[in-house]
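**Q** Here is the input, now give the coordinates:
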Amino acid sequence: MMPDHILFAQAAALLLALLCTALAQLLSVRLCWCGVVGSLFLGLAVGLVALIAGAALVSIQWNDSLSDNLALGAANFVLFVCCWYFYFHFINIGEASLRIRVLREVAENPGRPIEGVLAVYNVSEVVRIRIKRLVGDGQLVETAGVYQPGAPRMVLVAKAFAVLRWLLLDKLPDQPSLPR
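**A** Numbers count the residues shown, from 1 in each chain. The predicted structure is shown next:
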């Protein structure tokens, strides 16, 4: 059985890594170093470095067995990635959810007729704003009015989510046919 002080120290290392993740993400997005998605991945990288450093310090301090350190490190890594995944989607839903934006708009302007909400959030406007943000983040590249995928990592992320949707929901993503 592992002593409680080592478990507490490993838990503290995990919490410190999560705090470093959030701080790095918040600072980078506020100081305009990168877009929202870039700031989330920067936070992930900073948090992983903090997690590894914290786990190393704990193992050096108490010089526990290698197998215990590896097991705790693996558990902390899994917990860290799960927490980051939650954080990623928490930020993402606030940015991308039309439902939340409409509710926020109505809450800020109670009694506004539906036409006013539709004027701000019609499909064309939402797509235009989304494309502008994707271009700004480097996820799409526009050349002479033609869009191409930008950052290959986001194409991989989109494909990974399509596979997850298929695995978990048995649904293939809708593939509307766009005019060329």
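**Q** ok, residue 117 - contacts?
**A** The contact partners of residue 117, taken as Cβ atoms under 8 Å, 6 or more residues apart in numbering, are 102, 105, 106. Heads up, the C-betas are built off the backbone N, CA and C, glycines and all.
**Q** ok, and it, which helix or strand is that part of?
**A** Here residue 117 sits within helix 114-120, counting by DSSP states H and E.
**Q** buried subset of the contacts of residue 117?
**A** Among the contacts of residue 117, not one counts as buried by 16 or more other Cβ atoms under 10 Å.
**Q** Just give the closest residue to the most centrally placed residue in the chain, not the sequence neighbours.
**A** Geometric centre of the chain, nearest residue: residue 88, 2.4 Å, by Cα atoms, centre = their mean. The shortest distance from residue 88 to any non-neighbouring residue, by Cβ to Cβ, 6 or more residues apart in numbering, is to residue 40 (5.3 Å).
**Q** buried ones in the strand or helix carrying that neighbour?
**A** Assigned by DSSP H and E, residue 40 belongs to helix 36-62. Buried residues in helix 36-62, counted by 16+ other Cβ under 10 Å: 36-44, 46-48, 50-51, 54-55, 58-59.
**Q** Just give me how far the helix or strand bottoming out on mean pLDDT in the chain sits from the chain centre.
**A** In the chain, no helix or strand scores lower on mean pLDDT, DSSP states H and E than helix 114-120, which sits at a mean of 75. In terms of Cα atoms, centre = their mean, to the nearest Å, the centre of helix 114-120 is found 30 Å from the chain centre.
**Q** No further queries at this time; thank you.
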